[in-house]
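Engineer: Curious how this folds, go ahead:
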Amino acid sequence: MSIVIGINSFHADSSAAIFKDGELLFAIEEEKLNRKKHWAGFPEISILKCLEYTGINKNMVTDITLNSNPTSNLHKKIPYFFAKYMFGRKKNEIFNRIKNKITIKNFLINKLSFNNKINIHYIDHHLSHIASSFYPSKFNEALAVSVDGFGDFASVNIASCKDNEIRILDKIFFPDSLGIFYEAMTQLLGFESYGDEYKLMGLAAYGKPVFFDEILKKLFHKKNILKLNQKYFNHTNKNFSYKFEGIPKQNKIYNEKIFEIFSRDLIKEKKVELAASIQKIYEFYLIKILKKAIKMYKSDNLCLSGGCALNSSANGKIKNELEFKNIFIPYAPADGGGAIGSALVFIRRNNNLTKFKNLNSPYLGPIYNETDIINEINKIDQEKFIIKKYQNKNELNEIVAEKISGGRIVGWFQDRIEFGARALGNRSILADPRNKNIKNIINLKIKKREDFRPFAPSILSEFKSDWFVGDNYSNYYMEAVLKIKDEKKDIVPSIVHVDQTCRVQSVSVKNNLKFYNLIKSFYKLTDVPILLNTSFNENEPIVCSPKEALECFLRTQMDDITIDNFLISRKN
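Structural biologist: So this is what the prediction gives:
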């Protein structure tokens, strides 16, 4: 029996995943348990949850894999280190990061009481990303590309995947990075928290890319496939700090010299146009990288991964530029998913497995029983709410669908929490997509976020082609934006972005039966097979437990909350 735990540790979105004989049993990010966004420390609670949920004793775990390998790309790392970092703060930061990785075994033994015979395996960062995409894709062969900020001194890896083997063909190394460029520009526009890139992506749809040529000319060396003009970036400086311990924190990646190109006043006045230009630059270089990859390995199938694969706007345009028949992007393409990928690489190498189990369901976290739920419900003020348990799930779906169609906003909490950045119907806030005012209402009452950010549609899979253009993606995981058909856009105005695109989630009987049945109840009532779906949270990680769900419900102005078969409604 082989029991392997994969971890992403001392890197943003630390996480853990547990496999038994090639089957993925459980996975979760640390932030969903400790409630600290993008937590980048050691995933202590996540590892314990893996063991608790599966009932596996820690002494039964044979191997731990980490999605980073300090020995990767030494031929590039060592000369660069001696040239740049022999003096300054950066040297100590690099040594501490390496120390944390190579002493993972001490954390496991001292903090979690693992057996000192536990085996630790270091798997290259981008190889882990690629594995997390290729093995769940079910393609017999594919071109795979991982595009990231940085991992193990590389920002891009290109690979051929065939007969369950992954072969790295080419890499782009530090300091050149499409992810770093996008993060720096996100900071420049005033979105300064780690992980705010999705805000820039949402804002970009409102503007015209009038600064595209200037950015391309000034911030890049155009002759190369991807080469940043280091004059305008700080990440190579000997005193630059990029902290990956606890909540991620970094200095300004852009250099003050950038204000010689774009003044502070211009950035403030032309923020929307700059966002559109930055997004177009990103798309330009992503396509450039993919075209290079195609020359190295021709395939009808593309597996895309790395943190940059969360740019669903760019993903939706790949099919228009390149002739891939099939494109697969996993539910967790970023660093958290590297925990799964690292374990897959090790299991494939050492157990010679050709098939894995349960790689396509993102619903991998904890589940809570009725006793857990009742205990939390009993803590709220019973006089202020109508609380009812439904024995018949169809009846509950009909009631919830009716409430949503009547303009109410409903928290939907079911079964196991999703792994990854997106709410896919188990920890969601739901509303009527036909209501043109509902977006502003949700932002005002619950999310308290920027009004330019769009909400996603969750649609019954059999209706996707009736409403949206684009068949290259399953869109089970909201991996790409799709254009809504002209004749449909006015029916569901609250889920259509300003550029007529939608970050679609396709929901089938197979991938989420409970959520499917709820949408179906709404469809029977309204002739619209779509619900507005946004993550169940309020400026925090997605809620994981009934306690967190109820706390979010109570402190916002959500109208109703469904937890398993319980419906709790505010009294009017």
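
Engineer: Give me the secondary structure label for Lys483.
Structural biologist: What DSSP: H, G, I helix; E, B strand; the rest coil gives for Lys483 is strand.

Engineer: can you check the one 4 residues further on too?
Structural biologist: Glu487 carries the three-state label coil when classified by three-state DSSP.

Engineer: pLDDT value on it, please?
Structural biologist: Among the per-residue scores, Glu487 shows a pLDDT of 97.

Engineer: Look up phi and psi at Ile172.
Structural biologist: For Ile172, the backbone dihedrals (degrees, to the nearest 10) come out as phi -110, psi 130.

Engineer: Could you list everything it pairs with in the sheet?
Structural biologist: Val156 (DSSP bridges).

Engineer: From what I see, it and Phe153 are in contact.
Structural biologist: No - the pair Ile172 / Phe153 is not scored as a contact, 10.4 Å apart, by CB atoms under 8 Å. The way it works is simple: take the backbone N, C-alpha and C, and place the C-beta from them, glycine included.

Engineer: Check the protein for its longest helix and report it.
Structural biologist: Looking across the chain with DSSP state H, the single longest helix is helix 271-296.

Engineer: Can you tell me how far Gly425 is from Leu322?
Structural biologist: 30 Å (CB to CB, to the nearest Å).

Engineer: Among the two, which residue is more densely surrounded?
Structural biologist: More crowded of Gly425 and Leu322, by other CB atoms under 10 Å: Gly425, with 25 against 15.

Engineer: Just the pLDDT for the closest residue to that one other than its chain neighbours.
Structural biologist: Among residues not flanking Gly425 along the chain, Phe515 sits closest, at 3.4 Å (CB to CB, 6 or more residues apart in numbering). Phe515 is assigned 98 on the pLDDT scale.

Engineer: residue contacts, Phe515?
Structural biologist: Residues counted as contacts of Phe515 (CB atoms under 8 Å, 6 or more residues apart in numbering) are 412, 414, 424-426, 428, 458, 507.

Engineer: Lys99 and Asp13: what is the separation?
Structural biologist: Distance from Lys99 to Asp13, counting by CB to CB: 21 Å.

Engineer: more neighbours, these two?
Structural biologist: Between Lys99 and Asp13, counting by other CB under 10 Å, Asp13 is the more crowded of the two (26 against 12).

Engineer: So that one sits against Ala339, correct?
Structural biologist: No - counting by CB under 8 Å, Asp13 does not reach Ala339; the two are 9.2 Å apart.

Engineer: in the protein, which strand has the most residues?
Structural biologist: strand 141-151 (DSSP state E).

Engineer: which other helices and strands contact that strand?
Structural biologist: Here strand 141-151 touches helix 125-137, strand 154-162, helix 178-188, helix 271-296, strand 301-305, going by 3 or more CB pairs under 8 Å, 6 or more residues apart in numbering; DSSP states H and E.

Engineer: Can you say which of the ones you listed is packed in most?
Structural biologist: helix 125-137 (a mean of 28; mean count of other CB atoms under 10 Å).

Engineer: for that helix, the distance to its chain's centre please.
Structural biologist: On the basis of CA atoms, centre = their mean, to the nearest Å, helix 125-137 sits 14 Å off its chain's mean C-alpha point.

Engineer: Also stretch 40-59?
Structural biologist: Here the centre of stretch 40-59 is set off from its chain's centre by 21 Å, with CA atoms, centre = their mean.

Engineer: Please save the CA atoms from that stretch in CSV.
Structural biologist: Provided in CSV are the C-alpha atoms of stretch 40-59 (Å, rounded to 0.1, in the frame of the first residue of the first chain):
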residue,chain,number,x,y,z
ALA,A,40,2.5,30.8,2.6
GLY,A,41,3.8,28.9,5.6
PHE,A,42,4.1,25.2,6.4
PRO,A,43,0.7,23.6,5.8
GLU,A,44,0.4,22.1,9.2
ILE,A,45,-3.4,22.1,9.6
SER,A,46,-3.9,20.9,6.0
ILE,A,47,-1.7,17.9,6.6
LEU,A,48,-3.6,17.0,9.8
LYS,A,49,-6.9,17.4,8.0
CYS,A,50,-5.7,15.0,5.3
LEU,A,51,-5.1,12.4,8.0
GLU,A,52,-8.2,13.1,10.0
TYR,A,53,-10.6,13.0,7.1
THR,A,54,-9.2,9.8,5.6
GLY,A,55,-8.6,8.0,9.0
ILE,A,56,-5.0,7.3,8.0
ASN,A,57,-2.5,7.1,10.8
LYS,A,58,0.6,9.3,10.1
ASN,A,59,2.8,6.3,10.5
